[in-house]
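Undergrad: what follows is a protein structure lacking sequence information:
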């Protein structure tokens with residue numbers, strides 16, 4: 001007798017009767033309910049439990065208690081892992097030598113997370129249902145980033161740290177309450193984003209708004225706290241729009257069609273590229289919905305104000321939808337997607353390894369995601385394409401900087417190429433399966449892989465990089481032309 005998805009789901013079934021009216025499964029319905037409740041609780045966090053009205057201990061406890069309740073509502077008995085992973089890592093953190101502790105915490109967290117990834121892969125292969133591994137991925141980021149920040153603060157002098165390490169360095173081991181409230185606080189529990197420890201403590205203590213002050217008060221400094229209400233409303237509306245797009249259009253372009261014999265054998269390469277681009281774009285709207293709503297919840301709590309002068313509520317935003325969808329390079333698209341994870345990977349891997357930082361960063365990202373073969377095909381391919389894109393950009397881009405027209409042409413071409421490459425490289429990540437992905441690549445003749453490897457080998461040999469003087473001269477000419485013709489509008493930006 002087969003077990004249905006509904007029977008497998010360990011979370012609460014109290015609202016399962018509504019599934020027939022909403023068209024959503026119980027786990028999807030519970031996720032939405034939990035996020036709506038969190039949005040309401042966030043208002044209490046920011047107002048009734050404002051730092052000026054209550055103690056930090058109460059604020060820690062509030063976030064922790066409702067995080068645990070939300071976890072049990074969505075995952076049932078599996079919620080024990082939400083406390084289990086950080087508990088094991090906390091023991092390592094407080095008992096081991098600070099010089100070794102950070103690596104041990106990362107290893108323990110990844111082993112714990114990997115066990116659950118493998119359990120799901122064996123017993124619920126290919127499922128997209130709500131699963132405990134999602135929140136645990138964010139918790140893994142939190143505990144490991146805290147461990148590395150604590151290592152920096154306890155073992156390094158300021159002159160030995162990079163700027164980001166100085167920013168995130170922690171100089172005192174968190175108490176039990178501080179640690180568990182940080183890892184399980186309800187606004188970021190279900191869908192992230194990852195909040196770094198110093199930012200969380202600033203939020204708890206009412207220091208999130210940094211330099212936003214008003215000195216008009218006689219003899220005192222009053223913090224002028226900006227309201228997040230407008231930003232929250234915009235993000236909730238945007239999240240709902242993304243959900244509508246995902247629900248209404250993705251069923252017309254299902255990813256599962258990539259395994260269909262007729263699609264693989266009887267469609268042209270150009271049609272395959274078109275279909276991949278459409279289906280992977282629509283699939284992204286699921287992530288846009290989850291991340292945008294999660295960002296709104298954090299903002300409504302008072303987390304996420306950017307005090308760098310931009311006065312925006314985007315400090316912890318996990319995605320820049322506009323930049324990703326209109327990126328003119330693979331670098332721009334990577335920077336705009338899952339931004340919190342990018343920061344985490346840079347903090348604990350990219351900035352700390354002298355040999356092969358790009359490969360090691362992609363490797364950790366793949367292990368953190370799990371063990372579906374599609375993940376590794378995507379990340380291995382992405383590493384190759386990153387090197388190829390970097391090589392082509394360094395040797396070719398400078399020749400297009402002589403005028404606005406040539407730069408516009410370059411941006412249009414790179415925009416088109418970037419989005420075909422994104423579709424081509426990410427479909428195995430969504431499809432998950434090894435042979436289904438390889439089969440489709442075979443029918444597409446591995447064309448972009450071959451182009452990337454060819455570019456890596458031959459572009460440095462046959463295309464001479466513009467000298468620094470030539471590049472500066474062309475950039476100066478383009479700048480002068482833009483000043484002379486202010487109505488000119490070029491696509492994209494340099495980086």
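TA: Cool, the structure landed. Keep in mind that this is a model prediction, so the values were computed, not measured.
Undergrad: and this structure, what are its domain boundaries?
TA: If you go by automatic domain parsing, the domain ranges for the chain are 10-207, 319-495.
Undergrad: looking at those, which is buried most?
TA: Of all these, domain 10-207 has the most neighbours on average by mean count of other Cβ atoms under 10 Å, namely a mean of 18. Every residue, glycine included, has its C-beta placed from N, CA and C.
Undergrad: what about that domain, start to end distance?
TA: One end of domain 10-207 sits 39 Å from the other (Cα to Cα, to the nearest Å).
Undergrad: which residue packs closest to residue 45, ignoring adjacent ones?
TA: Closest residue in space to residue 45, ignoring its immediate chain neighbours: residue 301 at 4.4 Å, by Cβ to Cβ, 6 or more residues apart in numbering.
Undergrad: residue 127 in helix, strand or coil?
TA: At residue 127, secondary structure determined by DSSP: H, G, I helix; E, B strand; the rest coil is coil.
Undergrad: may I ask you to confirm that it is in contact with residue 119?
TA: No. Residue 127 is not in contact with residue 119 according to Cβ atoms under 8 Å; the separation is 11.8 Å.
Undergrad: give the contact list for the residue nearest to residue 45.
TA: 42, 45, 46, 187, 203 (Cβ atoms under 8 Å, 6 or more residues apart in numbering).
Undergrad: mind checking which of the residues you listed are in helices?
TA: 42, 45, 46, 203 (DSSP state H).
Undergrad: wait, the third one sits on residue 300?
TA: Okay, so that is residue 46. Yes. Counting by Cβ under 8 Å, residue 46 touches residue 300, with 6.4 Å between them.
Undergrad: if you go through the protein in chain order, where are the strands?
TA: 213-214, 222-223 (DSSP state E).
Undergrad: can you pull the contacts of the residue lying closest to residue 422 once chain neighbours are set aside?
TA: Spatial nearest neighbour of residue 422, chain neighbours left out: residue 333 (6.1 Å); criterion: Cβ to Cβ, 6+ apart. Neighbour list for residue 333: 323, 324, 327, 418, 422 [criterion: Cβ under 8 Å, 6+ apart].
Undergrad: among those residues, which ones are in helices?
TA: 323, 324, 418, 422.
Undergrad: ok, the first one to residue 314 distance?
TA: Distance of residue 323 to residue 314, given as Cβ to Cβ, to the nearest Å: 11 Å.
Undergrad: any weak-confidence spans in the stretch 151-300 of the chain?
TA: For the stretch 151-300 of the chain, the stretches flagged by pLDDT under 70 are 210-224.
Undergrad: pretty sure residue 135 is touching residue 71, no?
TA: Yes. At 7.0 Å, residue 135 counts as touching residue 71 under the criterion of Cβ under 8 Å.
Undergrad: what touches both of these two?
TA: By Cβ under 8 Å, 6+ apart, the residues touching both residue 135 and residue 71 are 82, 189.
Undergrad: show me what contacts the residue most central in space within the chain?
TA: Among the residues of the chain, the one closest to the centroid is residue 338, at 1.7 Å (Cα atoms, centre = their mean). Counting by Cβ under 8 Å, 6+ apart, residue 338 touches 318, 319.
Undergrad: recalculate using a threshold of 6 Å.
TA: Taking Cβ atoms under 6 Å, 6 or more residues apart in numbering as the criterion, residue 338 is in contact with residue 318.
Undergrad: now swap in residue 34 and tell me
TA: Residue 34 neighbours (Cβ under 6 Å, 6+ apart): 70, 74, 190.
Undergrad: ok, 10 Å please
TA: Residue 34 makes contact with 11-12, 66, 69-71, 73-74, 130, 186, 189-191, 297, according to Cβ atoms under 10 Å, 6 or more residues apart in numbering.
Undergrad: try residue 98
TA: Contacts of residue 98 (Cβ under 10 Å, 6+ apart): 147, 150, 151, 152, 153, 154, 155, 156, 173.
Undergrad: let's see 8 Å
TA: Taking Cβ under 8 Å, 6+ apart as the test, what residue 98 contacts is 150, 151, 154, 155.
Undergrad: now, which of the residues you listed sits nearest residue 198?
TA: Comparing these against residue 198 with Cβ to Cβ places residue 150 closest, at 10.9 Å.
Undergrad: you'd agree that closest one is up against residue 97?
TA: No. Contact between residue 150 and residue 97 fails when scored by Cβ under 8 Å: they sit 11.9 Å apart.
Undergrad: can I get the contacts of residue 301 in JSON lines including distance to residue 443?
TA: Listed next are those as JSON lines, based on distance: Cβ to Cβ, whole Å:
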{"residue": "42", "distance to residue 443": "48"}
{"residue": "45", "distance to residue 443": "52"}
{"residue": "46", "distance to residue 443": "53"}
{"residue": "187", "distance to residue 443": "45"}
{"residue": "203", "distance to residue 443": "51"}
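Undergrad: nearest to residue 408, of those residues?
TA: Distances from residue 408 to these, taken by Cβ to Cβ, are shortest for residue 187, at 41.9 Å.
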